[in-house]
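Participant: Generate coordinates for the sequence data below:
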Amino acid sequence: MVAWWDSLDPTVKILYFIAIPSTLVFVIQTVMAFLGGIEGGEGIAYSDTSGLDLDGGFDGPDFSEMPDAMDIDDVHFGDGGNPADFSIMRMFTLQGIITFLMVTGWSAIASISAGAAPAMSIIAGVVLGVVAMYAVAKLIHASRRLTENGTLDVRNAIGESAKVYIPIPEQGHGEGKVTLYVQGRYAECDAVSMSPTVLKTGTNVRIVDVRNGVLVVEEDE
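Facilitator: Model (predicted):
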């Protein structure tokens, strides 16, 4: 083993120093991913009731000034934890860099062992490493998008019935909460109302719109 190592070209030794540790880290990352050690997005986190004045004294934003109810294309719906659209910078993650080093190292070693010139082997390894890094970035992005698709999209609540959980101030002067069944599960969501009266706890309502992630409800006659 020692004789084999001593017989190697210094360039190949450097490549082994790159390839072996990066491969070990890659294996550890893969095991952690299967065991759930690498986190995804945060998902939707609705605000709690700490800032609400349930006695009606809350002077909240005027929701009548918000975008038109039907201009859904002009409003961005998101949860803040979802991944952004794919960009080249997403390649430069820990997983991407480790993949780049591993593929570059082993590709260059294989090329040199096959008799190619070291310089050309390294260039070929770098190219393959970049391709692999890009592929990993796309894979991670796609997996997070799948996770995102499982989160609650409040737009699916439009037209559904709900029940007031925390009183909703009149005419958009604050937020309350409603409970409803949407996307196959029960959810608790922030809601506002343009009704001239406060919607009390237990009132049956219908969701008529979604504005900036907040449900707009009216009393269900």
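Participant: after the top helix by length along the chain, next one along is what?
Facilitator: In the chain, ranked by residue count with DSSP state H as the criterion, the top helix is helix 118-149. Counting by DSSP states H and E, the next helix or strand C-terminal to helix 118-149 is strand 161-166.
Participant: what's next to that following strand, contact-wise?
Facilitator: With contact meaning Cβ atoms under 8 Å, 6 or more residues apart in numbering, strand 161-166 is reached by 49, 52, 54, 176-180, 188-189, 191, 199-207, 215, 217, 220. The way it works is simple: take the backbone N, C-alpha and C, and place the C-beta from them, glycine included.
Participant: coming back round to it: for the longest helix of the chain, enumerate the helices and strands it packs against.
Facilitator: On a contact count with 3 or more Cβ pairs under 8 Å, 6 or more residues apart in numbering; DSSP states H and E, helix 118-149 meets helix 10-35, helix 94-113.
Participant: Show me what the last one is packed up against.
Facilitator: For helix 94-113, the packing partners by 3+ Cβ pairs under 8 Å, 6+ apart come out as helix 10-35, helix 118-149.
Participant: got the angle between it and helix 118-149?
Facilitator: Counting by axes from the mean of the first three to the mean of the last three Cα atoms, to 10 degrees, helix 94-113 lies at 150 degrees to helix 118-149.
Participant: Check which helix or strand the closest residue to residue 214 other than its chain neighbours maps to.
Facilitator: Distances taken as Cβ to Cβ, 6 or more residues apart in numbering place residue 190 nearest to residue 214, at 5.0 Å, with adjacent residues excluded. Assigned by DSSP H and E, residue 190 belongs to strand 185-193.
Participant: can I get the CA coordinates of that strand in PDB?
Facilitator: Extracted C-alpha coordinates of strand 185-193, given in PDB (Å, rounded to 0.1, in the frame of the first residue of the first chain):
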ATOM      1  CA  ARG A 185     -57.600  18.800   6.900                       C
ATOM      2  CA  TYR A 186     -58.800  21.200   9.500                       C
ATOM      3  CA  ALA A 187     -57.000  24.600   9.600                       C
ATOM      4  CA  GLU A 188     -57.100  27.700  11.700                       C
ATOM      5  CA  CYS A 189     -56.500  30.900   9.600                       C
ATOM      6  CA  ASP A 190     -56.500  34.700  10.000                       C
ATOM      7  CA  ALA A 191     -59.600  36.400   8.600                       C
ATOM      8  CA  VAL A 192     -61.100  39.800   8.200                       C
ATOM      9  CA  SER A 193     -64.600  41.000   7.400                       C
END
